[in-house]
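Participant: heads up, no residue letters with this:
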Ligand SMILES: Nc1ncnc2c1ncn2[C@@H]1O[C@H](COP(=O)(O)OP(=O)(O)O)[C@@H](O)[C@H]1O
Ligand SMILES: [Mg+2]
């Protein structure tokens, strides 16, 4: 099964990368862009057939390794 | 409107990050993990009300700046 | 690759970059139509990149020997004796085309590749340098390329933990569609622990270590042997991604294995990957080699023999090992979590035989593959004489000129770049970038220091390839000398356009002649190098423009006692002396280009006898301890060099009047060679009289003191003002 | 003083650290492998700089899960002294032995340059050879040195005097918003912090690269002299 873990900076943590991309988009003539936040997607190909269990395991992985909850939030989604 | 641009390495392109994360997950006792690929999500908050147009603009942004099509693919999705 | 299905014939051969005659030669060698994989092997081995077919004839004319040269060209890198039983191993290599297509990965994998060339010989890499040429700053894509290349060089070098200590950067329109990224690595090994690539021992296992093989950069070697056109962008997937983390593990694992006696021969898999490494190792050893591709660690399912043989996946090495040591070796690579696989063995057939899934995919005799490789004596056209300089006048006066020059693209501070490179990791960096004319790295646990520099002035090479070639060597020699080190040897990276054009070939030959002249006169042999041809881009009107001829020279010098080095920063007091003769040559000068907007005139003369005499004198004075600082005079002339010394520490000086009978701009900004600015204590009388005795021209240049550069007119330029003018260019270009 | 330096795959400043430690203690430190599960008898464990696991995912994240980190946690619980420099600091925050986190540099570029640090607490085993307020020069070399912590953590660090070093201008003034003196944009210009018992110190810059006049100075040496003074029994 495929699981997608999306990791993003917590609201309130400054995202300089997002700011830099926003600036670059303005320079490239995309004035409509207001805010940009950048995160990571980690796509896992996992052995298993029970979606709920796969999700629980992926959540465990996120807590232990994939995200640093001091600064980051994460979301887990079983894709198929 | 919110648009999400997901940028990931093309198939067949080496993903050193994914490889290292997969290895670490095995060490942490998640043997069910087969493959890991890491990408970026760029969340844009954009002025505009026409979803199709916002999507077209975001696609343009991805081509010009957000993705490097030499080694990366991207997907654009209007979230709301 | 669906091309697997394609029939092998002359058309396919042409697609693979082989000419009709070359394909006929393949048919003659094979006595049959080659298989698809065999054709692939011939095409990469006979590509310009691997076979040096246009350059070999001329490379042979270069001086490559000296009593201190242990291994000259022909090995993975050059090896020289630096004393105390140690050797320096070094080489420079280009990654120009990939860096245009994907600047970050192109530059990063360039660094990775040159590191492997050095540690494959048993050396721990101790320093990296990078010689970069970018398009005009105004060209929109330049900014993106600078950004990606600098990030890539740093990203790789910083992660593997090898300090990046020097380099050079030029900007010119001629590199708009074809930047140059030349990376140099220097390593140190024990002389009795140097590893070579010639395979030996029939039956010995052939071991593959490092990363897995994927479909990366297939045909990279042939791509870098072809001109660029708009199709280049369609060739994009041929770019490889590097993994510096794995490289770091590979360095440690290889060095650990090298401390045992397990290795018979070793070579990195560079351009043309498994093909070139196996063919070259077996060829050099005069043995055959059997490869079983089923055993090759693979990243993706379903790879064909052709793909595996031509893949340019990074961070891989091929080792011929003593059979009884296989398990020792395996344990070391497993400890470092790297792939390790026995993928073949040496044979007495004299052929390379490639098996895959029960089929023989290739069976090629190695001797003719190497010996009948094409070699061309390409025609040469006489070069046009340099354009006359034209009318010379100083429109804005000394003060403004200086401020403009030190802020111009080719002279502005490179701190924005070197601040992104870890220059101190290893704890042996004695002089960081900007601290001396050459970077200085101590050899751990010894008193030895290495002085390292890269140099080339492409505008001189364009105006006059022979003088330009000689000048590049002379400047490298001078930069090493100015630190007090003894120049030992050179690696080169010869970047030129399409050699099939007689005028490009003439540039190439001229530059080689100049390099050879200078290397001979200065006892500064070439021990390794790299040739990059076809550096051209298609213009909108269909014509093609070549880059400026750019034979980058990487120089290495040595200190027996590194505490005797000097930097270029102005001391607090004393006297500044100008060594060498000033004639006021303004042709091809930065002054002419930046102030009058002209790129005309001949390159400055390179008097190699004067160069040697002046340099040997300066070095001896540094060794005696009387010199506080020294800086060579090059781009921008005397006044720029003085300003650089002032900016180095913030200490100032008051300049003497220029030489009588010479226009001030010619004296201050002329680019005559063989000159140094030397700071000594006191009034400098001893130094001047010693110079006179040695027949070395020298004159009083300035009284050192204060915190400003005081011009003969009395105008004061504070160190702070100079530093601001010097520092603005890169941040303005890159961080806006 | 018995010292040990931990090497993870990708660590690259262990030699620099070994040279500095040997210069002050006279003994070569023990090199410890990330797979070790026990520590020898040591007075000080050092987590040196580098790119453990390539700094992929997050700097220090994967090293934090190495087998040896369990032993190091136990060592800390028994009151052992630990110095984490650069990647070592990142690993200490990832394991939770020190609070906060290190984000990408504010300018989004790797920085390799000299900076100036002010000693904020001179009553620790890492800083006792300095006086509070002393300013010293030291190289830094990192891409992710931007210290962050939530407001509460920051307050705790400040009130418990657990900020060891701040980035300052050469004249000693702090301005967290100034990229010249606080190059990576760290919160409150924090360059190094301490554990509650002052026995664990994490810092981004590299004092170990400035302990020899030949390499440009000895400005980083007091840190190692402090440790010798504090730990030699
Ligand atoms: N790409 C680079 N990487 C690192 N250091 C560089 C680079 N380019 C220039 N430098 C450093 O900047 C300083 C000035 O360079 P340059 O003007 O080319 O020196 P010189 O004229 O003495 O040969 C040198 O210390 C050089 O090593
Ligand atoms: Mg020079």
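Facilitator: The structure has been received and is ready for your questions. Please read these numbers as outputs of a predicted model, since none were measured by experiment. Ligands and ions are numbered 1, 2, ... in the order given.

Participant: measure the residue lying closest to residue D:169 once chain neighbours are set aside to ligand 1 for me?
Facilitator: Closest residue to residue D:169 apart from its sequence neighbours, by C-beta to C-beta, 6 or more residues apart in numbering or on different chains: residue D:181 at 4.2 Å. To be clear about C-beta, it is placed using only N, CA and C from the backbone, and glycine gets the same treatment. When distance is defined by C-beta to the nearest ligand atom, to the nearest Å, residue D:181 is 24 Å away from ligand 1.

Participant: again with residue C:299
Facilitator: The span separating residue C:299 from ligand 1 equals 32 Å under the rule C-beta to the nearest ligand atom.

Participant: So that residue is in contact with residue C:313, correct?
Facilitator: Yes. Counting by C-beta atoms under 8 Å, residue C:299 touches residue C:313, with 7.3 Å between them.

Participant: The helix or strand bottoming out on mean pLDDT in chain A close to chain B?
Facilitator: Evaluated with mean pLDDT, DSSP states H and E, the helix-and-strand set of chain A has its lowest mean pLDDT in helix A:16-27, which scores a mean of 92. Yes. Counting by C-beta under 8 Å from any C-beta of the partner chain, chain B has neighbours in helix A:16-27: A:18, A:21, A:24-25.

Participant: same for that helix, what does it pack against?
Facilitator: Counting contacts by 3 or more C-beta pairs under 8 Å, 6 or more residues apart in numbering or on different chains; DSSP states H and E, the secondary-structure elements packed against helix A:16-27 are strand A:33-46, strand B:33-46.

Participant: Mean neighbour count, distance to residue C:276 and mean pLDDT added to those strands, as TSV?
Facilitator: Formatted as TSV, the helices and strands packed on helix A:16-27 follow (neighbours: other C-beta atoms under 10 Å in any protein chain shown; distance: least, C-beta to C-beta, whole Å; pLDDT from 0 to 100):
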stretch	mean neighbour count	distance to residue C:276	mean pLDDT
strand A:33-46	20	34	96
strand B:33-46	20	30	96
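
Participant: Quick one, which of the ones you listed gets closest to chain C.
Facilitator: Distances from chain C to each of the helices and strands packed on helix A:16-27 were compared by C-beta to the nearest C-beta, and the smallest falls on strand B:33-46, at 10.6 Å.

Participant: helix or strand right after that closest one?
Facilitator: Where DSSP states H and E defines the elements, the next helix or strand beyond strand B:33-46 is helix B:51-61.

Participant: quick one: contacts of that following helix?
Facilitator: A:25, A:28, A:30, A:32-33, B:1, B:3, B:5, B:44, B:46, B:48, B:76, B:78 (C-beta atoms under 8 Å, 6 or more residues apart in numbering or on different chains).

Participant: give me phi/psi at residue C:592?
Facilitator: Backbone torsions for residue C:592, taken as degrees, to the nearest 10, come to phi -60, psi -40.

Participant: Against residue C:673, how distant is it?
Facilitator: Taking C-beta to C-beta, to the nearest Å as the measure, residue C:592 falls 16 Å from residue C:673.
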